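Enquirer: Generate coordinates for the sequence data below:
(2 chains)
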Number of protein chains: 2
Amino acid sequence: MLNGLAAERPATGDSHRRNLAALLRRVHLGGPVSRVRLAEELGVNRSTVLALTGELAAAGLVREGSAPATGRTGRPSLLVRPASDAVHVLAFDIAVDRLVAARVGLGGVVSGRLEATRPRAGADLDFVVSVLADLGRALQHGAPPGSVCVGVGASYCGMIRPGDGLVRYGPDLGWVDQAFGAELARRLDLGLPVLVGNEAHLGAVAEHQRGAGVGVRNLVYLHGDVGVGGGIIVGGDLLGGDGGYGSEVGHMLVNPYQGRPCLCGSHGCLEAEVGERALLDAAGRPADSIGREAVRAVVADAARGDLAAQEALRRVGDWLGIGVANVINLFNPGVVIFGGTLREVFQGSAPHVRRRIRANVLPVSRDKVELRVSAFGDDTTLIGAAELGFAPLLADPLGNRTAVAS
Amino acid sequence: MLNGLAAERPATGDSHRRNLAALLRRVHLGGPVSRVRLAEELGVNRSTVLALTGELAAAGLVREGSAPATGRTGRPSLLVRPASDAVHVLAFDIAVDRLVAARVGLGGVVSGRLEATRPRAGADLDFVVSVLADLGRALQHGAPPGSVCVGVGASYCGMIRPGDGLVRYGPDLGWVDQAFGAELARRLDLGLPVLVGNEAHLGAVAEHQRGAGVGVRNLVYLHGDVGVGGGIIVGGDLLGGDGGYGSEVGHMLVNPYQGRPCLCGSHGCLEAEVGERALLDAAGRPADSIGREAVRAVVADAARGDLAAQEALRRVGDWLGIGVANVINLFNPGVVIFGGTLREVFQGSAPHVRRRIRANVLPVSRDKVELRVSAFGDDTTLIGAAELGFAPLLADPLGNRTAVAS
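Expert: Now for the predicted structure:
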């Protein structure tokens, strides 16, 4: 499973390896923590935590140090922390209008971030991986002395085959069956595979692990850019389906007979009714007005009283509400999270979305669902890519690797 | 978890209990099997299988006996079989137009089945549980001498709160917040709880465990009666969501602005466009024509050349295809199964359904999905209720119970 949740389920291995993985994962996602608390949370005794911490510290993955003074008397408690300046991943985000790369330290610390715009159309595989490899090399050069890159993750705005990072279908770049992951790995030449995930899947993972959906067992993440992507967590796991192509909310048909044309070739898909073009057209913006800033301008204009912009948000909000109502009825989630440009679109159209939910969600599923916006702004998918990069380390911290530090 | 899949995941307990559960489950679902094969399938050695079988046999749950002669020389192999005539559950199916009860032996053998019609409207809780309790008592009286009832499961055409079998919402009978499970348990007076599940959820479980979806990790079961129910298996588990109300495919909005009115109060839900009334209206049948036989008559008439019936199936098949396309895009399942009256509706409209799938499902999810019909005819939900009744025994065969037989 090439998704960031794989680490929750080590496929095999003894309890020692599971405990190592659980401890590192706890420190990575939850931050500094005392050994006493670790023992409670992991359900093991303190001597076991001492031994596990020792092994992870010897491998350079965690460090122990005193907590900041709290004013209380007594010995200061030692905290176990992730070695954020010694262990990092490279994360890439291939979005509709930009290419982003980041160096992210263990613990989720973004220690370097580079961004390049890209042409909206016509960016072929060679161009994209060349730019990304340059950004990645720059980040590697800027890493703290001695810091080791332990993984590479990439978020792609299309459908990805798990296992090898092949782009099966990337409508926005016009890619079909492009060996993106393998080619980027070759160019980076770090001796590491590039794990690739769909942007909305990774956004869901990021929000579930670190963002607006922490502790939520069932959540739906909706990601807006040109279209609408979906990432759905069911019972704590990303819904992939048989081939890893599930959670495809954007092509849910909601307006089959009068719908707007969709990039997929159909009409009336959810993304055709609520995507970037639908909003900009409804607001009367010119055809060459595109991109996240244009979308956000409509929301801002509506807030300032622009009637055309308000009407556009009413229309798009109603369709968005229909899509959200459908996924609430299907998944009975605790939380629905709006990310990418849908964050602002939702904020600008929330009354319309909520009206549809009141009208169309069965009361049993409507009672407790919460609507939230992404915790990471435009970097949700990038954070998800970083988690994907960390997944192999977190699944098996000491397996098949030489120690990070001596 | 009040669903038939709970047995796959014993919440606690040692490996011995898990092995007992795995062995009994294997025999219950897979039928007679040699100890050698059991050892292979369970991944334990033969002496362990011998001990496990002995314990389950002592408790009256399995028996050993020779296999039928195969013509080969050598010692006949001993087969471990479920004690189908010594251990049973009662299963109830509260459907739109009938009340069904069955006595089902371990191994899934239906050894008794009783059916009562019920008024289409106005059946209150007292009436329904009175009839069901009478049917249940009759089945208990007819059980093989000494056979022990180990559980009771019920399938209900509405939304059920897991944990106590409360009917949250039963639009067809007009029930809201009715303590159905508790009341039926009180009337039956067997000292057993009545586990209650939504009919389409249980249909999905039945097909996944014994029917058209055995071995399929991701499947969608669509159940037709008055409306359309859904039961969805994701990664081997029933999708319940936070409250157990997920998989609600019937109220997916597909025709929000021109849709037919739905029992839920909205317009254009999938079930409003493909349910019983939609088909019968489209075929020009009179308003008092209702029920599964009326639906099947339309399909039969279309096959005989009735143009109005053919046009009705074209219309309903197109909407059904839209709903199916949407769930395939969302769940990337291996199989979609049509049950209840949707079995015949699908068989009569398959070209229209498939046309929508070709047009609207993204190729990555369309490539490998299969469309199948229910393996159990009108008894899919009843079989699912029986599995729900068996779930506690299968989760912990020897726990908290006295032995079934001495």
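Enquirer: hey, let's count contacts and neighbours off CA atoms from now on
Expert: Fine.
Enquirer: quick one: the helices in chain A?
Expert: A:15-30, A:35-42, A:46-58, A:125-141, A:180-188, A:199-210, A:270-274, A:276-282, A:292-303, A:307-331, A:341-360, A:363-366, A:380-395 (DSSP state H).
Enquirer: in the fifth one, what's buried?
Expert: Burial within helix A:180-188, assessed by neighbour count using 16 or more other Cα atoms under 10 Å in any protein chain shown, is assigned to A:Phe180, A:Gly181, A:Ala182, A:Glu183, A:Leu184, A:Ala185, A:Arg186, A:Leu188.
Enquirer: ok, now the third one?
Expert: Of the residues in helix A:46-58, those scored as buried under the neighbour-count criterion (16+ other Cα under 10 Å) are A:Val49, A:Leu52, A:Thr53, A:Gly54, A:Glu55, A:Leu56, A:Ala57.
Enquirer: how about the second one, what does it touch?
Expert: Taking Cα atoms under 8 Å, 6 or more residues apart in numbering or on different chains as the definition of contact, the neighbours of A:Leu52 are A:Asn19, A:Leu20, A:Leu23.
Enquirer: Closest one to chain B out of these, please.
Expert: Each of the contacts of A:Leu52 was scored against chain B by Cα to the nearest Cα, and A:Asn19 proved nearest at 18.1 Å.
Enquirer: ok, that closest one touching A:Leu42?
Expert: Yes: taking contacts as Cα atoms under 8 Å, A:Asn19 lies within contact range of A:Leu42: 7.4 Å.
Enquirer: of these two, who's got more company?
Expert: A:Asn19 (19 against 13; other Cα atoms under 10 Å in any protein chain shown).
Enquirer: re earlier: reformat the helices of chain A as TSV; add mean pLDDT.
Expert: What follows is these, written out as TSV (pLDDT from 0 to 100):
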stretch	mean pLDDT
helix A:15-30	95
helix A:35-42	95
helix A:46-58	95
helix A:125-141	95
helix A:180-188	96
helix A:199-210	97
helix A:270-274	97
helix A:276-282	96
helix A:292-303	96
helix A:307-331	98
helix A:341-360	97
helix A:363-366	87
helix A:380-395	97
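Enquirer: what's the closest of the ones you listed to B:Pro144?
Expert: helix A:363-366 (41.5 Å; Cα to Cα).
Enquirer: Quick one: check that closest one for contact with chain B.
Expert: Yes: on the criterion Cα under 8 Å from any Cα of the partner chain, helix A:363-366 is in touch with chain B at A:Val364, A:Ser365.
Enquirer: packing partners for that helix?
Expert: Helices and strands touching helix A:363-366, by 3 or more Cα pairs under 8 Å, 6 or more residues apart in numbering or on different chains; DSSP states H and E, are helix A:307-331.
Enquirer: give me that answer again for 10 Å
Expert: helix A:307-331, helix A:341-360, strand B:159-161, strand B:166-170 (3 or more Cα pairs under 10 Å, 6 or more residues apart in numbering or on different chains; DSSP states H and E).
Enquirer: on that earlier part again, identify, from the contacts of A:Leu52, the entry nearest to B:Asp14.
Expert: A:Asn19 (18.5 Å).
Enquirer: Nearest to chain B: which residue in the stretch 51-200 of chain A?
Expert: Closest point on the stretch 51-200 of chain A to chain B, by Cα to the nearest Cα, is A:Arg168, at 7.2 Å.
Enquirer: quick one, what contacts that residue?
Expert: A:Arg168 makes contacts with A:158-161, A:175-180, A:245, B:363-364, as judged by Cα atoms under 10 Å, 6 or more residues apart in numbering or on different chains.
Enquirer: What's the separation between the spatially closest residue to it that is not a sequence neighbour and A:Val369?
Expert: Nearest residue to A:Arg168, sequence neighbours excluded (Cα to Cα, 6 or more residues apart in numbering or on different chains): A:Asp177, at 4.4 Å. Going from A:Asp177 to A:Val369 by Cα to Cα, to the nearest Å gives 38 Å.
Enquirer: of all the residues in the stretch 1-150 of chain A, which ones are close to chain B?
Expert: Within the stretch 1-150 of chain A, no position is near chain B by Cα under 10 Å from any Cα of the partner chain.
Enquirer: care to break chain A down by domain?
Expert: Per the record, chain A has its domains at A:1-66+A:80-211+A:377-406, A:214-374, by automatic domain parsing.
Enquirer: now the end-to-end length of stretch A:354-373.
Expert: Stretch A:354-373 end-to-end distance (Cα to Cα) = 14 Å.
Enquirer: likewise stretch A:116-125?
Expert: 15 Å.
Enquirer: got it, and stretch A:65-84?
Expert: Using Cα to Cα, the two ends of stretch A:65-84 sit 14 Å apart.
Enquirer: Also stretch A:90-108?
Expert: Start-to-end, stretch A:90-108 (Cα to Cα) is 11 Å.
Enquirer: For it, the averaged confidence score.
Expert: The pLDDT scores in stretch A:90-108 average 94.
Enquirer: Please point out which parts of that stretch sit buried.
Expert: Buried, per 16+ other Cα under 10 Å, within stretch A:90-108: A:90-97, A:99-108.
Enquirer: ok so, going back, which of the buried residues of helix A:180-188 are close to chain B?
Expert: Answer for the buried residues of helix A:180-188 near chain B: none qualify (Cα under 10 Å from any Cα).
Enquirer: In contact with the spatially most central residue of chain A, which residues?
Expert: Taking Cα atoms, centre = their mean, the centroid of chain A lies closest to A:Gly203, which sits 2.4 Å from it. Counting by Cα under 10 Å, 6+ apart, A:Gly203 makes contact with A:155, A:197, A:209, A:211, A:221-223, A:229-232, A:337-340, A:374, A:376, A:379-385.
Enquirer: buried subset of these?
Expert: A:155, A:197, A:209, A:211, A:221-223, A:229-232, A:337-340, A:374, A:376, A:379-385.
Enquirer: among those residues, which are in reach of chain B?
Expert: A:Gly230, A:Gly231, A:Ile232.
Enquirer: With respect to A:Ala282, which of those is nearest?
Expert: Scanning those for proximity to A:Ala282, where the rule is Cα to Cα, the winner is A:Gly230, at 23.1 Å.
Enquirer: Touching, that closest one and A:Val205? I think so.
Expert: No: using Cα atoms under 10 Å as the test, A:Gly230 is too far from A:Val205 to be in contact (11.2 Å).
Enquirer: which neighbours do these two share?
Expert: A:Glu199, A:Tyr221.
Enquirer: Tell me the spacing between A:Pro261 and chain B.
Expert: Using Cα to the nearest Cα, to the nearest Å, we find A:Pro261 at a distance of 12 Å from chain B.
Enquirer: just to revisit the earlier point, please tabulate the ones next to chain B among the buried ones among the contacts of A:Gly203 in CSV, including the columns pLDDT.
Expert: Shown next, in CSV, are these (pLDDT from 0 to 100):
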residue, pLDDT
A:Gly230, 97
A:Gly231, 97
A:Ile232, 98
